[in-house]
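A.B. asks: below is the structure, and that's it, no one-letter string:
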């Protein structure tokens, strides 16, 4: 079969997404691949289709137990023989998989990198025809990446030990140029075809809501009440304690939520994850221990209760929303206390095992630098999507995406040159010794312990911005930093701003500086926008979608799989739009291949015919 036949008959799609076809062609022709594709961009199809077209077996190396289980279930539903090897298997189950491998039962095998040296595994590999090795989450091989895993450093050695080197594909959703270079070098890719399909996810709306630490519970409940009441989503928290606290807050206010963090027992975590995947709860409250490899298609929102420690983690976690292409919201509740929390976690973190102290310190400095970039994202008044794309080295088409809180909020452009001169002068006259809070207090002419201790009320800049709020002064300081007039050492607790050489241009009146500001205090909260998938209102109101969901749930319960493994929400919406009357028409629905049409088609067609 050619790639288009496999795509349609097995996976139910008519066309490849951007970059997928070229990747498939490269792998099937025997050329290594390095692919950077956003979460939800269709990485798995890129190695699954070559695996099905090749004569031999494909190994997919992944650190994600949940992904393995999820994708193996989905492959089996599509008629593909697959298995996984990870720490969740018992000894007997592990050796049963090895026996089946030797017998040629499987076409695709998922394996954790730590299991490449398991008893009997390598010997079993010597007797197999391995046509392809796909390495998922390939950024884990790099110390510059956000999820460095030492076990990934052993992948190249494992490949070298095989009797014949298979073609190798490395895949990741987030990689800066440094990480990309590390992937190619450390995995020893040979003349790889490199593709970056673009980091943009147009269906995702990005939003940053400034809050105080104490204001987050109320803001979360407002969002749930006004926008996400009956929707499925994830709330990420920075600590285990906060996970428990927020999950309890939501449950006590009538929202079906579960907690998930590494401090829970395995059985408890698995039960919580299953409740979410099988739609027994609508909201998962979790640390970053949850979500990698979860291919749940109907996640309509991701809320970050705390700012993550780097942009890579944020974009990966936010990208778990809208995986089927549906509109989804990514909201970040941000406060200065999040920086303090993340700095503490970085400083006190044990780091990766087996790494010498000097390298550990270097990795921590890298983490601190990434933390500063994440804080910049929260502070910027420019387009959030443009910031994210530029971070990953991609130039946006526009600096106004029309689908983030900074582009849809009520802002005006203000000349802040005079205020900038006052702030820069204050910082210079206090010898770059104080943080933004103290600088704001001096400028506003307020008295506190710090000002009294250092006689700062004697400064010539004391009280020259008496009518300004502390929030506004901090915004200007943030803007000056973003534009390169101030620098901040993120590795220090107090984040002391200091003037850069560019600041002289403002102080001498040589340049003007501008900043977007909200028009009124009442407009500080960004506009709430109600978005709805485009489909026939009579179909929705008539209840066809709900009938199809009920039928999907019936099949899912009978087979013990998540509902989206049967059909995604996107497939059901497409059925409502197309209204197929026979199998031939059903096969035009996105996500419906021959195997699923044979398994479930008649039941769904009968419902549609009765409705029509």
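C.D. replies: Perfect, I can see it now. All of these numbers come straight from a predicted model, not from anything done at the bench.
A.B. asks: what about residue 143, how many neighbours?
C.D. replies: Neighbours of residue 143 under the rule other C-beta atoms under 10 Å: 18. (Each C-beta comes from the backbone N, C-alpha and C, glycine too.)
A.B. asks: and the helix or strand hosting residue 413, what other elements does it pack with?
C.D. replies: Per DSSP states H and E, residue 413 falls inside strand 411-415. Contacts defined by 3 or more C-beta pairs under 8 Å, 6 or more residues apart in numbering; DSSP states H and E place strand 411-415 against strand 514-518.
A.B. asks: the strand it packs on pairs with which strands, parallel or anti?
C.D. replies: Looking at strand 514-518 with DSSP bridges, its partner strands are strand 411-415 (antiparallel).
A.B. asks: same question for stretch 586-594, mean pLDDT?
C.D. replies: Taken as a whole, stretch 586-594 has an average pLDDT of 87.
A.B. asks: mind listing what's buried along it?
C.D. replies: By 16 or more other C-beta atoms under 10 Å, the buried positions in stretch 586-594 come out as 586-587, 589-594.
A.B. asks: now it, how far from the centre of its chain.
C.D. replies: 28 Å (C-alpha atoms, centre = their mean, to the nearest Å).
A.B. asks: can you give me the end-to-end span of that stretch?
C.D. replies: Start-to-end span of stretch 586-594 (C-alpha to C-alpha, to the nearest Å) is 10 Å.
A.B. asks: what do you get for stretch 46-63?
C.D. replies: Terminal residues of stretch 46-63 lie 18 Å apart, using C-alpha to C-alpha.
A.B. asks: residue 190 in helix, strand or coil?
C.D. replies: coil (DSSP: H, G, I helix; E, B strand; the rest coil).
A.B. asks: ok, residue 381 touching residue 516?
C.D. replies: Yes: the criterion here is C-beta atoms under 8 Å, and residue 381 meets it with residue 516 at 4.2 Å.
A.B. asks: tell me the pLDDT at the closest residue to residue 143 other than its chain neighbours?
C.D. replies: Once flanking residues are discounted, residue 143 sits nearest to residue 363: 5.6 Å by C-beta to C-beta, 6 or more residues apart in numbering. Here, the pLDDT recorded for residue 363 equals 77.
A.B. asks: helix or strand for residue 363, just tell me which one.
C.D. replies: Residue 363 is located in helix 357-379, with elements delineated by DSSP H and E.
A.B. asks: who does the helix or strand following that helix touch, helix- and strand-wise?
C.D. replies: Next along the chain after helix 357-379, taking DSSP H and E as the criterion, comes helix 384-391. When contacts are defined as 3+ C-beta pairs under 8 Å, 6+ apart, helix 384-391 packs onto strand 204-210, helix 311-318, helix 357-379, helix 405-408.
A.B. asks: got the contact list for the third one?
C.D. replies: So the one you mean is helix 357-379. Contacts of helix 357-379 with the rest of the structure, by C-beta atoms under 8 Å, 6 or more residues apart in numbering, involve 143-144, 146, 148, 208, 210, 307-312, 314, 332, 334, 338-339, 342-343, 346-347, 349, 351-352, 355, 384, 387-388, 391, 475, 478-479, 481-482, 488, 490-491.
A.B. asks: reformat the helices and strands packed on helix 384-391 as a markdown table; add distance to residue 224 and mean neighbour count.
C.D. replies: Formatted as a markdown table, these follow (distance: least, C-beta to C-beta, whole Å; neighbours: other C-beta atoms under 10 Å):
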| stretch | distance to residue 224 | mean neighbour count |
| --- | --- | --- |
| strand 204-210 | 13 | 22 |
| helix 311-318 | 17 | 23 |
| helix 357-379 | 21 | 17 |
| helix 405-408 | 17 | 20 |
